[in-house]
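**Q** I'll drop the sequence and a predicted model, then ask my questions.
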Amino acid sequence: MTSFLRSDRSRPVAVWLFVVAALVLAMVVVGGATRLTVSGLSITQWKPISGALPPMNAADWNEEFARYKAIPQYVQLNRGMSLEAFKGIYWWEWAHRLLGRLVGLTFALPFAWFLIRQEIPRRLIWRCAVLFALGGLQGLVGWWMVKSGLADRVLVAPERLMIHLGLAFILLAGLAWTALDAWAGSPRVTVPSPWTRWAFALMGLIYLQILLGALVAGNNAGLSYNDWPLMNGALFPRDYAGQGLWATLAHSPAAVQFHHRIAAYLVLASGLTAAAMAWRSRYLATGAKFLGAALGACVVIQALLGIATLMAHVPIGLAMAHQVMAAILLSVSTAFAWRVRRP
């Protein structure tokens with residue numbers, strides 16, 4: 001029995017995965033700041049290895065600045081920008097990419113070490129491998145997103161931003177779930193719970209809301225319709241429709257903000273209902289009940305942050321807090337879904 005317990009779980013592996021999850025959360029924070037400061041297109045090349053070093057002298061800085069001057073964002077938005085101002089946006093994007101490299105190393109090196117020492121529970125090896133592959137894919141998707149803003153646009157394509165952010169949140173949830181499994185081991189008994197489907201449905205709804213929020217960010221839709229609960233005095237925005245279905249769903253500021261609001265109401269109602277029902281449930285253990293209560297508190301805080309961010313015309317501090325809270329909310333919903341499956 002002792003050998004089974006030792007092979008079924010590993011606290012060091014769990015700690016490693018929690019650390020990587022924290023770094024992914026930091027990536028989300030720095031990525032949000034990069035977007036809010038309109039810094040994401042300041043580095044116009046993708047050099048996974050040599051790009052880790054910033055410009056080292058005046059000639060290097062002038063070369064980087066010259067590349068930036070050749071893209072539409074400089075020509076249409078930032079013409080006349082000084083080199084010092086360029087350095088300000090450059091450092092945000094460089095820090096975001098450097099953090100991405102750090103996440104990769106923090107995952108890859110311990111992963112190899114734990115594999116060699118056979119410390120990763122067998123049932124989790126394939127999952128860790130998938131998470132590692134998704135991390136590599138995230139780097140490619142990030143560059144694919146940046147490329148969309150280097151030729152014909154002044155900002156990145158909203159749908160590519162949505163995919164990039166969505167993949168980051170998949171990684172965050174996957175790392176958290178796998179870390180919990182590594183910490184606790186597999187459940188000794190399995191009891192069907194009526195809560196499982198509800199918890200996963202709520203987790204999916206929260207994830208959908210995050211994707212809708214990415215479209216709002218990508219279209220700068222938070223800078224319009226800054227009244228609440230109405231939208232410019234109307235329940236339904238007058239300029240909702242774009243030129244075609246995709247233009248409406250992904251590129252209409254009125255539509256993406258309206259969808260984000262409706263989903264927010266659903267998340268709020270579902271989260272509070274789940275919290276109340278979990279607290280009164282006879283099926284759930286105390287830990288699951290407290291996670292349900294935490295989930296209810298998180299949805300309320302996130303809703304208030306969203307309203308405040310919108311009505312204050314998206315100040316950087318509030319916008320970053322709103323994005324961080326989205327990550328916390330998804331993490332808590334992940335922990336809740338994980339916990340309700342255990343007696």
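**A** Thanks, I have the structure now. Remember, predicted model here, so these are calculated numbers, not experimental data.

**Q** where does this structure dip in pLDDT?
**A** Along the chain, the parts satisfying pLDDT under 70 run over 1-7, 188-192, 343.

**Q** middle-most residue in it, spatially?
**A** In the chain, the residue lying closest to the centroid (CA atoms, centre = their mean) is residue 169, at 3.9 Å.

**Q** quick one: buried residues of whichever strand or helix holds that one?
**A** In the assignment (DSSP states H and E), residue 169 maps to helix 158-184. Buried residues in helix 158-184, counting neighbours by 16 or more other CB atoms under 10 Å, are found at 158-182. Backbone N, C-alpha and C define where each C-beta goes, glycine included.

**Q** next one: stretch 53-69
**A** Neighbour-count burial for stretch 53-69 flags 61, 64-65, 68 (criterion: 16+ other CB under 10 Å).

**Q** one more: stretch 257-268?
**A** For stretch 257-268, the neighbour count (16+ other CB under 10 Å) marks 257-261, 263-264, 267-268 as buried.

**Q** need the residues that contact it.
**A** Under the criterion CB atoms under 8 Å, 6 or more residues apart in numbering, residues 202, 205-206, 208-209, 212-213, 215-216, 221-222, 224-225, 231, 236-237, 240, 249, 299-300, 302-303, 306 lie in contact with stretch 257-268.

**Q** now those residues: which count as buried?
**A** Neighbour-count burial (16+ other CB under 10 Å) applied to the contacts of stretch 257-268 gives 202, 205-206, 209, 212-213, 215-216, 221-222, 224-225, 231, 237, 240, 299, 302-303, 306.

**Q** what element comes up after the helix holding residue 169 heading to the C-terminus?
**A** Moving toward the C-terminus from helix 158-184, the next helix or strand (DSSP H and E) is helix 195-218.

**Q** check which helices and strands that next one is in contact with.
**A** Under the contact criterion of 3 or more CB pairs under 8 Å, 6 or more residues apart in numbering; DSSP states H and E, helix 195-218 touches helix 158-184, helix 253-280, helix 316-340.

**Q** mind running it again at 10 Å?
**A** Helix 195-218 is packed against helix 11-36, helix 158-184, helix 245-251, helix 253-280, helix 286-311, helix 316-340, with contacts defined by 3 or more CB pairs under 10 Å, 6 or more residues apart in numbering; DSSP states H and E.

**Q** could you break the protein into its assigned domains?
**A** Here the domain parsing of the chain from automatic domain parsing is 1-186, 189-343.

**Q** quick one, helices of the stretch 51-200 of the chain?
**A** All helices of the stretch 51-200 of the chain, identified by DSSP state H, counting those that start in this stretch, fall at 58-69, 72-76, 83-116, 122-147, 158-184, 195-218.

**Q** how about CSV for those helices, with distance to residue 341 added?
**A** Below are the helices of the stretch 51-200 of the chain laid out as CSV (distance: least, CB to CB, whole Å):
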stretch, distance to residue 341
helix 58-69, 49
helix 72-76, 47
helix 83-116, 25
helix 122-147, 15
helix 158-184, 10
helix 195-218, 6
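
**Q** mind checking which of the ones you listed is nearest residue 275?
**A** With CB to CB as the criterion, residue 275 lies closest to helix 195-218 of the helices of the stretch 51-200 of the chain, at 10.1 Å.

**Q** got the angle between the closest one and helix 316-340?
**A** Interaxial angle of helix 195-218 relative to helix 316-340 (axes from the mean of the first three to the mean of the last three CA atoms, to 10 degrees): 160 degrees.

**Q** distance of residue 276 relative to residue 293?
**A** 9 Å (CB to CB, to the nearest Å).

**Q** ok, these two, which is more surrounded?
**A** residue 293 (16 against 13; other CB atoms under 10 Å).

**Q** the more buried one: what's it in contact with?
**A** By CB atoms under 10 Å, 6 or more residues apart in numbering, residue 293 lies in contact with 274-276, 278-279, 336.

**Q** what subset of the residues you listed is buried?
**A** Neighbour-count burial within those applies to 274-275, 278, 336; the criterion is 16+ other CB under 10 Å.

**Q** which of the residues you listed lies closest to residue 95?
**A** Closest to residue 95, out of all of the buried ones among the contacts of residue 293 and judged by CB to CB, is residue 336, at 32.4 Å.

**Q** so the closest one is in contact with residue 288, correct?
**A** Yes - at 6.8 Å, residue 336 and residue 288 qualify as touching, with contact defined as CB atoms under 10 Å.

**Q** which neighbours do those two share?
**A** 195, 199, 278.

**Q** still on that earlier bit, and the helices and strands packed on helix 195-218: which comes nearest residue 104?
**A** Closest to residue 104 of these, according to CB to CB: helix 11-36, at 9.7 Å.

**Q** how far out from the middle of the chain is stretch 79-86?
**A** 30 Å (CA atoms, centre = their mean, to the nearest Å).

**Q** name the residues that touch it?
**A** 39, 42, 58, 61-62, 64-65, 68-69, 73-74, 78, 88-90.

**Q** tell me which element residue 43 is part of?
**A** Following DSSP H and E, one finds residue 43 outside all helices and strands.

**Q** got the contact list for it?
**A** Each residue near residue 43 by CB under 10 Å, 6+ apart is listed here: 51, 54, 64, 67-68, 89-90, 92-94, 96-97, 146.
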